[in-house]
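Undergrad: Kindly generate the corresponding structure for this input.
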Amino acid sequence: MNDLIFDFVRARQIDSFQKLRFLLFLHQHPDLIGTSQQFAEQLYLGDVLLLDRIIRELQKVGLVACVDNRCRLHDQPEIRSCLQFLARAFEDPTARQTILDQVKNRPVIDNDQLDHTFCYGTPHPEVPPEPVEGAVEGCEVL
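TA: Sure, this is the predicted structure:
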C-alpha cells in the first residue's frame, strides 16, 4: 500500500471505521439514493444519529451529495476513481489492516492545517500549486 491512500483518507477526513464502511458501501452502490435511516438499516448500523453526522461530514468534504435528506455518493469521476483505489487496497488483508490502523489512530487535524487536496495532488485554488510525487491526474480540490 502506498501514501496515496493515506493522503486520501487524511484529506477527506475519514476518521472512523463506520465512515470508511459507509463510503465503501456507497462506492459499491454508486446509484443508491437514500436517507440516513435507510442506509443505517442496510448497513446494520443501529445508530441513525451517528450516520446523520457521518453523512454531514462527508457532505462537507464533497464525497456525498444530499437533497431533501436523500443522499448519494457524489457523482464525479474523480471521486469514483479515488474510492476505487481505496476499495482495491481494502481487499488486501494487510493493506486493510494498515488502513484501519490509520483510521483508528488518525490525529484530529483542524481543517485549516490540511493540505487541501482532494486526493493526490490537485491543489486548492487558494494554495499555490506544487508538484506532488505520485499524483493522480484528475483529482479535484476540496
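
Undergrad: in the host helix or strand of Phe6, what's buried?
TA: Using DSSP states H and E, Phe6 falls within helix 3-11. Within helix 3-11, the residues scored as buried using 16 or more other Cβ atoms under 10 Å are Leu4, Ile5, Asp7, Phe8, Val9, Arg10, Ala11. C-betas here are computed from N, CA, C, even on glycine.

Undergrad: Ok, stretch 47-56 next?
TA: Using 16+ other Cβ under 10 Å as the test for burial, stretch 47-56 gives Leu50, Leu51, Asp52, Ile54, Ile55.

Undergrad: circling back to that earlier point, quick one: which of the buried residues of helix 3-11 is nearest Leu100?
TA: Val9 (10.4 Å; Cβ to Cβ).

Undergrad: Give the closest residue to the closest one in space, chain neighbours not counted.
TA: Gln102 (5.8 Å; Cβ to Cβ, 6 or more residues apart in numbering).

Undergrad: Then Arg72?
TA: Nearest-residue entry for Arg72: Ile33, 4.5 Å, with adjacent residues in sequence omitted and distances by Cβ to Cβ, 6+ apart.
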